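Visitor: What would the 3D arrangement of this be:
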Amino acid sequence: MRVLKIGPGKKPWRKWGPYLSERQWGTVREDYSPDGNAWDYFTHDQARSRAYHWGEDGIAGISDYMQLLCFGVALWNGKDPILKERLFGLTNSEGNHGEDVKEYYFYLDSTPTHSYMKYLYKYPQAAYPYEDLIATNKSRNRKDMEYELLDTGIFNEDRYFDVFVEYAKQSPDDILIQISVSNRGPEPATLHVLPTLWFRNTWTWWAGTPKPSMKQITGAKGVQIVSAVYADLKERFLYCDGDVPLLFTENDTNNQRIFGTANASRYVKDGINDFVVQGNLSAVNPDKTGTKAAAHYQLNVGARTTATIRLRLSDVAPAAMGGPFKDFSAILETRKHEADEFYESITPTRVTKDEALVMRQALSGMLWSKQFFYFDVDKWLKEHGDDPMKRGGGSMRNGDWFHMVNQHVISMPDKWEYPWYAAWDLAFHAIAFSSVDPDFAKQQLDLMLQAFFIHPTGQIPAYEWNFGDVNPPVHGWATIFLYRTEQAMKGRGDLDFLKRSFAKLMLNFSWWVNRKDRFGNNLFQGGFLGLDNIGVFDRSAPLPNGGTLEQADGTAWMAMYCQNMLEIAVELAANDPFYEDMALKFADHFLWIAHAMNQVGPEGMWDEEDGFYYDVLRLPDGTATRLKVRSMVGLLPLCATVVIEPWQRERVPTVTATLKERLEQMPELRKSIHPTGPAHLGYAERGIAALVNPERLRRILTRMLDEDEFLSPYGIRALSRFHADHPYIVNVNGQQFGVNYLPAESDTGMFGGNSNWRGPIWMPVNAMLIRALLSFYLYYGDSFKIDCPTGSGKLMNLFEVAREIADRLTAIFLRDRSGRRPVYGGTEKFQTDPEWKDYILFHEYFHGDNGAGLGASHQTGWTGVVAKLIEIFGQLDGTQFLNAGKTGAFAKVESDTEAGVPVGPLVSESSD
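Guide: Prediction:
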């Protein structure tokens, strides 16, 4: 079991946090089916009765950093067939656009250490329409809109409860909990509120593990107390305000209900559910002991009034506690005030009130999306009867990843739809986290490179459905970004972080070169690379003609990876000359990739006629064809751009001289990249390494900034709108394949059907393009201007273009002149209702024409990058940025937000 590492004199403020999943059912970890159908093997209907193996889930939940002891809120409106203990959603086969949560909940606030957190769940007063949601969505096809909870009419006349859950830490192990229930309806209504404490079931799955215990103990009048004892945790006490009954059961599977076999104990996981909903008095333990307990509050809440419940989860025993609620309000208000001060300190003074709201909720969503992720792959494989160490073993899913033991708090893309980490998502999470908690951001990048994560071959794991899949190699970029951010904030960077990252990234870079450059010609494959259905074919599957797809995006990512590693090596070489050779290696490799990618002719990725990059389909007979789809694939070569400051050249004169000699010896290499060297210095004598030369840059930008192609009112589309009237069709072996513009959900089942790169706007790749534009601006200054939008006659420098795109992305979430937020499209409740319109959802992607949110609704993971855009463009103008002197765009510069950042319980350093 991992030990929480805390530096001298530091308190473990992050020991408790929102580390509970919001969906453990339907995950690969819990799948023990013979066919690998995770969704159908462990269903939502079973979740209330079946003990999980690898983790726990709940509503507005928290746990310790090892998820041994968990707390969440269960609800019952008196009409539902089951307790509302966890969020409901459709599985991949039930939804007409794939899996989808069908609840309304919001992450409203959190400090980096979770010293204060706030969550909102909207709970209908009528019976929750489980069957209606399943049946109606199943009856719709992929061209139809999704059937949402609001569409059922269950929120009509505001007959629902707003359930606000707040946490405030008095100390790292003393947590105040306030639950406020607001009846928004026109009549009084009853709500059962069951704050629930339970132990993750470890005793069933690991032989010899002692079973923890809970029991009711005597407290002062008007206070009920649950004592929770576990070998690896100090005794905890849940203090419940009021003379409220306590219900106890065991967190064990109800075998009778699930499997038709006898139960090991009379009291099982769904005992509290059966007691409250079915009135089964014998379902809970009258001796008031167990491994799961809930306080049963029954509130009759008047029309448009609020009732409040107070609890305290603490390591302080009753004898020492005194009155657990005497200082409750003061502590809660203090932590709220500190949270306000913290966000004021990191929010640029130039941003609007609405922008500040979006920024705070985006970052709070990031902080709420942490989850304890436990998965011992070797144990899981052996439990399936597949021993990877035996000859012929390891044939099951992830059979090649038996070395993995993931047992950490990790940032999730979305704790319901994607309650598992994804490698390239995590890089963007780190960028957003750099605004509030750079230490946690660095730790997250570190994790993926540790021995229990990275494959012995050097591959970084993708995600639990297939760790061996391939994500874009953006880990190096995130690493140097975090280093530069900390350098700007503190005056020095974390060289130890940079050094240990560089060594592991070398392994990963080598894996890419050896595994994804099939013909050794510096043109890379890679598969779907996170862009799912963007291409003509499923790029992760064998091509229908037996050919090979040389990918413009995969090759561009690798060119950028070279630049990232070069920059890291140069930084390290300032302290250790050993890294000079490494810097030269990556400079060389960038030149080889650039030369291969930029070659002219029918087999090259660059199309001179169109002024755009395309994937190349190489057939078994050696012939090659460019697949002329105007997509994000052809824009990503812009991202392989890095600015070289004069002080960087001065640090490694040997590298500079050797590289100059190389280009003189092989002038054909110079022709394939942006002009560089002493004769081509830019603003402030900066150099540049870029895949595209000035002419290609202008031609690509002309397409990218064309509102009839890529430029949407809300950012850059993943596919050109040109394909709405001109679908791209290709015939292969008598089969016809095509790509057309789809600004909303996908109309195919490729990759589950709940992800679409054929027209919508995706925040992470937009952020990469903005970074590229800012890098080019650092080099060109005001000497390079272009029409933005194309044909408008409005000339902008590249900083202004970057800001224009950032403003369009941010506008997705902001109120427009009519007071509407584009993210909510035509959903009137969210647009006009005062109890809805200022709660922001950060979706996975957005409609290419109107900005409406699509896909996962709580993917603050990478959509949270919008907070970074608000921060950057709220801090400085083009002149300030141009003269900042920091390497690379997105580096944090000095501003009026730097001073006065609170310390102590808000940002106290400790390890998760």
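Visitor: elements contacting the helix-or-strand element of the chain with minimal mean pLDDT?
Guide: Lowest by mean pLDDT, DSSP states H and E among the helices and strands of the chain is helix 667-671, with a mean of 82. The contact analysis (3 or more Cβ pairs under 8 Å, 6 or more residues apart in numbering; DSSP states H and E) places helix 667-671 against helix 578-597, helix 653-665. Yep, even glycine has a C-beta here, placed from its N, CA and C like the rest.
Visitor: Wasn't Arg266 part of a strand?
Guide: No: counting by DSSP: H, G, I helix; E, B strand; the rest coil, Arg266 is located in no strand; its state is coil.
Visitor: who's in contact with it?
Guide: By Cβ atoms under 8 Å, 6 or more residues apart in numbering, the contact set of Arg266 is Ser282, Asn285.
Visitor: Return the distance of it relative to Ile272.
Guide: Distance, Arg266 to Ile272, using Cβ to Cβ, to the nearest Å: 14 Å.
Visitor: now the strands for the stretch 701-850 of the chain?
Guide: Using DSSP state E, counting those that start in this stretch, the strands of the stretch 701-850 of the chain run over residues 711-712, 715-716, 728-732, 735-739, 785-787, 795-797, 845-846.
Visitor: re the thing from before, which stretch among the helices and strands packed on helix 667-671 comes nearest Ile770?
Guide: helix 578-597 (21.7 Å; Cβ to Cβ).
Visitor: Output the strands of the stretch 701-850 of the chain as JSON lines; include the columns distance to Tyr104 and mean pLDDT.
Guide: Converted to JSON lines, the strands of the stretch 701-850 of the chain look like this (distance: least, Cβ to Cβ, whole Å; pLDDT from 0 to 100):
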{"stretch": "strand 711-712", "distance to Tyr104": "27", "mean pLDDT": "98"}
{"stretch": "strand 715-716", "distance to Tyr104": "25", "mean pLDDT": "98"}
{"stretch": "strand 728-732", "distance to Tyr104": "39", "mean pLDDT": "88"}
{"stretch": "strand 735-739", "distance to Tyr104": "34", "mean pLDDT": "87"}
{"stretch": "strand 785-787", "distance to Tyr104": "42", "mean pLDDT": "98"}
{"stretch": "strand 795-797", "distance to Tyr104": "39", "mean pLDDT": "98"}
{"stretch": "strand 845-846", "distance to Tyr104": "19", "mean pLDDT": "98"}
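Visitor: Give the stretch among those strands with the greatest mean number of neighbours.
Guide: For the strands of the stretch 701-850 of the chain, the largest average neighbour count (mean count of other Cβ atoms under 10 Å) is found in strand 845-846, namely a mean of 27.
Visitor: Tell me how far the residue lying closest to His455 once chain neighbours are set aside lies from Tyr561.
Guide: Nearest non-adjacent residue to His455, counting by Cβ to Cβ, 6 or more residues apart in numbering: Trp401, 6.6 Å away. If you measure Trp401 against Tyr561 using Cβ to Cβ, the figure is 22 Å.
Visitor: ok, the two, which is more surrounded?
Guide: More crowded of Trp401 and Tyr561, by other Cβ atoms under 10 Å: Tyr561, with 27 against 22.
Visitor: Now do the helix or strand where the more buried one lies: which elements does it pack against?
Guide: Using DSSP states H and E, the element containing Tyr561 is helix 552-573. Applying 3+ Cβ pairs under 8 Å, 6+ apart, one finds that helix 552-573 contacts helix 475-490, helix 495-515, helix 578-597, strand 615-618, helix 632-635, strand 641-644, helix 646-651.
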